[in-house]
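Student: 3D, please:
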Amino acid sequence: MTDEQALKFTNDVFYLIRRAVSVSDLEAIPIEFDGLIENSLNNASYPKIQFSINSEEIQSLIENNSISEDLSLDKNISSKLSDPLTKLLYAMAWKNGDLIKLKHIIKGILDINSINIEQDEALVFYQFGKYLTKTGQPIIDQHVIRAFAIYDSGNADQTRIFRKISSVNKTHKEIIILYKKWLASDELTLELRSEIDYRYYIDKLLFATGKAIKSYN
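Tutor: All right, here's what the predicted structure looks like:
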């Protein structure tokens with residue numbers, strides 16, 4: 001796929017997103033494009049999260065010393081776990097070396113009322129924490145940011161640069177802010193913006209779009 005083709009592909013997806021008036025319209029978009037279905041999130045690996053977490057719940061964990069002042073898990077927290085499902089999920093996070101990443105998710109949850117992005121590292125996890133509050137925040141990753149950056153620039157030369165994004169870092173903070181503003185803008189129909197969790201379905205579409213157009217050269 002050339003840069004010009006990647007730009008057109010992205011713009012065509014966004015055109016249909018802007019026309020959508022329902023989540024059902026969004027879910028029908030992948031069948032219109034070669035490359036979207038095979039690059040979509042695996043629903044078995046990433047089923048939709050049905051719960052939310054708020055800052056009050058995090059504060060209660062801090063007060064009972066499950067989370068320390070630096071927002072990391074208490075090193076002895078495993079001795080306090082009693083629910084078998086919690087034990088299994090903790091064990092999986094431990095085995096994958098992911099326990100340390102939880103503090104960035106926690107920070108995102110606590111910073112939910114902040115318009116600015118309050119940190120420079122682990123922005124995907126930080127924004128994921130905001131999403132978990134279920135207050136209208138999107139999920140982001142390299143593929144979503146790649147797709148939106150290309151659409152926002154509308155330029156083939158910039159497309160060449162953005163197609164090579166391989167991770168999200170502090171240089172992409174402005175793109176993240178612009179993306180969140182766009183999700184609430186009049187570029188999307190009022191009918192779509194009235195649907196519950198429409199941002200989640202747009203995130204899924206942009207994940208597939210950004211992955212389909214990624215350049216590895």
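Student: The residue nearest the centre of the chain: what secondary structure?
Tutor: In the chain, the C-alpha closest to the average C-alpha coordinate belongs to residue 139, at a distance of 1.8 Å (CA atoms, centre = their mean). Assigned state for residue 139: coil (three-state reduction, DSSP: H, G, I helix; E, B strand; the rest coil).
Student: Isn't it up against residue 203?
Tutor: Yes - with contact defined as CB atoms under 8 Å, residue 139 reaches residue 203; the gap is 4.7 Å. All C-beta atoms are positioned from the backbone trio N, CA, C, and that covers glycine.
Student: Mind listing the shared neighbours of the two?
Tutor: Counting by CB atoms under 8 Å, 6 or more residues apart in numbering, no residue touches both residue 139 and residue 203.
Student: Wait, residue 101 touches residue 125, no?
Tutor: Yes - under the criterion of CB under 8 Å, residue 101 makes contact with residue 125 at 5.3 Å.
Student: Which one's more surrounded, the two?
Tutor: Neighbours were counted for residue 101 and for residue 125 using other CB atoms under 10 Å; residue 125 has more, 19 against 15.
Student: Excluding chain neighbours, what is closest to the more buried one?
Tutor: The shortest distance from residue 125 to any non-neighbouring residue, by CB to CB, 6 or more residues apart in numbering, is to residue 104 (3.8 Å).
Student: Around that neighbour, how many other residues sit close by?
Tutor: That count, for residue 104 with other CB under 10 Å as the rule, works out to 19.
Student: Which is the succeeding secondary structure element to the helix or strand containing it?
Tutor: Taking DSSP states H and E as the criterion, residue 104 maps to helix 102-110. The helix or strand immediately downstream of helix 102-110 is helix 123-132, counting by DSSP H and E.
Student: Give me the residues contacting that following helix.
Tutor: Here helix 123-132 makes contact (CB under 8 Å, 6+ apart) with 49, 51-53, 101, 104-112, 117-119, 137-142, 168-170, 172-173, 176.
Student: next one: that helix to chain centre, how far?
Tutor: Relative to its chain's centre, helix 123-132 lies at 7 Å (CA atoms, centre = their mean, to the nearest Å).
Student: next one: stretch 9-27
Tutor: The chain centroid and the centroid of stretch 9-27 are separated by 18 Å under CA atoms, centre = their mean.
Student: end-to-end on that stretch?
Tutor: Counting by CA to CA, to the nearest Å, you get 17 Å between the two ends of stretch 9-27.
Student: what do you get for stretch 177-192?
Tutor: Stretch 177-192 has an end-to-end distance of 20 Å (criterion: CA to CA).
Student: What's the mean pLDDT across it?
Tutor: Mean per-residue pLDDT for stretch 177-192: 97.
Student: measure residue 205 to residue 141 for me?
Tutor: 13 Å (CB to CB, to the nearest Å).
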